[in-house]
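1. Attaching a predicted model along with its sequence, questions to come.
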Amino acid sequence: MKYVLVTGGVVSGLGKGVTASSIGVLLKASGLRVTSIKIDPYLNTDAGTMSPFEHGEVFVLDDGGEVDLDLGNYERFLDIKLTRDNNITTGKIYQSVIEKERRGDYLGKTVQVVPHITDAIQEWIERVAKIPVDGKEGSADVCVIELGGTIGDIESMPFIEALGQFSYRVGSGNFCLVHVSLVPVLNVVGEQKTKPTQHSVRQLRGLGLTPDILACRSSKELDENIKAKLSQFCHVPLSNIVTLHDVPNIWHIPLLLRDQKAHEAIFKALNLTGVAMEPNLDEWTARTKVTDKLHETVRIAMVGKYTGLSDAYLSVIKALLHASVARNRKLIVDWISATDLEDATAKEDPDAHKAAWVLLKGANGVLVPGGFGDRGVQGKILAAKYARENNVPFLGICLGMQIAVIEFARSVLGLLDANSTEFDPETKSPCVIFMPEGSKTHMGGTMRLGSRRTYFQVADCKSVKLYGNAHFIDERHRHRYEVNPEMISQLENAGLSFVGKDESGRRMEIVELPGHPFFVGVQFHPEFKSRPGKPSPPFLGLIAAACEPRTVLPASNGHSSKLSSVIYNKGHSPILRAQHNGNGFKSSNGSLNGVYVNGNGVYVDGSWAFVSVVLGYSVQLLMSG
């Protein structure tokens, strides 16, 4: 087994995850089998209980593992299926060591960080690296390991020590270290500065690890004299210093690495020269070029709770992007904070309320993603109502499906108090209820998690066609509440159609509104299985419907403001920009990961960039996606 370790220095958020994923793409394109491990130095045993504002989205695996969002990058780039053990945390390691100590496995020895914690880390890596993740038998050829955080963080020290020992344990020729570091360009002088990287590498070497390759993040390509300086002071061959500069979208990163012969440096470090072939990235290159040339747009209103942080819905954005590229459309995401659509905001902040409704009415499609808690629920219900009544394509995921059912019960069945017991335990019309097998006392890992099977109940419906007329599908879940099976007949008699159910027939998985251009809710999270070139069917359906010419009728949303009829042609919509003070909502132009965003976030189109402040200067950096 060969190992590639990716570490980061100077500042966090430089894009280690995308770099590690791109290295994996290069190796896979060279005929090697690849697996990945992400190390997170936090004490949580997994990412399941952390707020999306704190750490971005929680990515869910087939086995129900709630893991770091970087594992989503690995799965999307490499088209593999990882396990919960592919995400190592400090909490998991210490928990396993303490359990051994309690059993007496250490035979009375004093349990210490060295050697017990460090040995546990190394044993975990060796064990997990052998688990096949590509559907084939036998272990992979190369394991790409990403160490989260920044070199020098106190939380990372046990892992640094363990990985230093591990490099000697596996032997020369089986271990390659790629260090991702920052080379800022100071606006005052316009000069690329190497000192931060020099200090980072010196610190890394002092901890027992020597980088084989330097991946330097900068707003532009490194000058040759800068490379020579880094080579001299960091003791890294000039040919092993690569630039990862701003690019139109993150799919360019594997191509950047290939063009700078990074794969040859990795092959040399791993004694694979002559064994691995030249990487074949023709399909990857073609997809990247298509994405860069897209002009016709499709606008999707993302109505959610965590709109202040795009990473909170990272997989949803990626799935929208995959579907949009498949339909040859440039994606524009309008971030709308659900609370801004509510009547309370109309009184407290009328400008924010008006701006949110303008964005919603200007979109070609509406998406309500999953979430927890009652904040913004009424706004999500209003968004679903608007989409249902005005024939606007709508996709509700998890909570998004549940609020669509609640809205239908209120508006069509006349059950004005219809609600979820999550938000109103005393409701007399519980459309959504707590699942009997759930736990109300423990949060971590107690939901209905992982891959579950859904059986189609209706042969002629949109979802069946999107999934290729399959009889059943397997998708990933993460929820505690479900649509009340006691109300299904009442809802279906009024016009809803629950076209997908679990094996028992009592758990609702997919709901559609017949006669609507596209009104679909799914209890599962289809975004987690979307891949470049293999878009998720529900997202593909939403984008396809949103691209169709249609007429938007005046909205009946209970507000005094009305929308005049607007004819949309080939996915285009009026350009609507508005200012909003309060949630970072502003009219802006920028770019990130192939997606254009107007609204509560930034306007993005695929560039891998963000702005930070280093030593008092504004510096253009690269951002992981």
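-> Yep, that arrived.

2. quick one, strands of the stretch 351-500 of the chain?
-> Here the stretch 351-500 of the chain has its strands, by DSSP state E, counting those that start in this stretch, at 365-368, 394-397, 419-420, 430-434, 448-456, 472-479, 481-483, 497-501.

3. now these in CSV, with mean pLDDT, mean neighbour count and distance to residue 88?
-> C-beta coordinates here come from the backbone N, C-alpha and C atoms, glycine included. Shown next, in CSV, are the strands of the stretch 351-500 of the chain (pLDDT from 0 to 100; neighbours: other Cβ atoms under 10 Å; distance: least, Cβ to Cβ, whole Å):
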stretch, mean pLDDT, mean neighbour count, distance to residue 88
strand 365-368, 97, 29, 33
strand 394-397, 98, 28, 29
strand 419-420, 92, 24, 36
strand 430-434, 92, 21, 32
strand 448-456, 93, 18, 19
strand 472-479, 95, 20, 21
strand 481-483, 92, 24, 31
strand 497-501, 96, 22, 35
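
4. Same list (the ones you listed) but as TSV, adding distance to residue 264.
-> Shown next, in TSV, are these (distance: least, Cβ to Cβ, whole Å):
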stretch	distance to residue 264
strand 365-368	43
strand 394-397	43
strand 419-420	56
strand 430-434	55
strand 448-456	38
strand 472-479	37
strand 481-483	52
strand 497-501	49
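
5. Nearest to residue 91 among those strands would be which one?
-> strand 448-456 (17.6 Å; Cβ to Cβ).

6. What is the closest one packed up against?
-> Judged by 3 or more Cβ pairs under 8 Å, 6 or more residues apart in numbering; DSSP states H and E, strand 448-456 is in contact with strand 472-479, strand 497-501, strand 508-512.

7. same thing but at 10 Å, please
-> In terms of contacts (3 or more Cβ pairs under 10 Å, 6 or more residues apart in numbering; DSSP states H and E), strand 448-456 is packed against strand 59-60, helix 462-466, strand 472-479, strand 497-501, strand 508-512.

8. For residue 338, which of these is the nearest?
-> strand 472-479 (18.0 Å).

9. Given that closest one, what are its sheet partners and their directions?
-> strand 448-456 (antiparallel) (DSSP bridges).

10. what angle sits between the strand it pairs with and strand 497-501?
-> 120 degrees (axes from the mean of the first three to the mean of the last three Cα atoms, to 10 degrees).

11. and the helices and strands packed on strand 448-456 as JSON lines, adding distance to residue 86?
-> Below are the helices and strands packed on strand 448-456 laid out as JSON lines (distance: least, Cβ to Cβ, whole Å):
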{"stretch": "strand 59-60", "distance to residue 86": "11"}
{"stretch": "helix 462-466", "distance to residue 86": "29"}
{"stretch": "strand 472-479", "distance to residue 86": "15"}
{"stretch": "strand 497-501", "distance to residue 86": "29"}
{"stretch": "strand 508-512", "distance to residue 86": "27"}
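
12. out of the strands of the stretch 351-500 of the chain, nearest to residue 531?
-> Closest to residue 531 of the strands of the stretch 351-500 of the chain is strand 472-479 (Cβ to Cβ; 13.4 Å).

13. Compute the inter-axis angle for the closest one and strand 508-512.
-> 110 degrees.

14. mind checking which of the helices and strands packed on strand 448-456 is nearest residue 295?
-> The nearest among the helices and strands packed on strand 448-456, by Cβ to Cβ, is helix 462-466 at 25.9 Å.

15. which other helices and strands contact that closest one?
-> strand 448-456, strand 472-479, strand 497-501, strand 508-512, strand 519-522, helix 537-547.

16. Quick check: which ranges of the stretch 51-200 of the chain have low pLDDT?
-> Filtered on pLDDT under 70, the stretch 51-200 of the chain yields the residue ranges 53.

17. can you give me the strands in it?
-> 59-60, 66-67, 87-89, 142-147, 175-182, 185-186, 191-192.

18. Export those strands as a markdown table, with columns for mean neighbour count and distance to residue 121.
-> Listed next are the strands of the stretch 51-200 of the chain as a markdown table, based on neighbours: other Cβ atoms under 10 Å; distance: least, Cβ to Cβ, whole Å:
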| stretch | mean neighbour count | distance to residue 121 |
| --- | --- | --- |
| strand 59-60 | 28 | 22 |
| strand 66-67 | 24 | 17 |
| strand 87-89 | 24 | 7 |
| strand 142-147 | 26 | 11 |
| strand 175-182 | 25 | 15 |
| strand 185-186 | 16 | 37 |
| strand 191-192 | 17 | 36 |
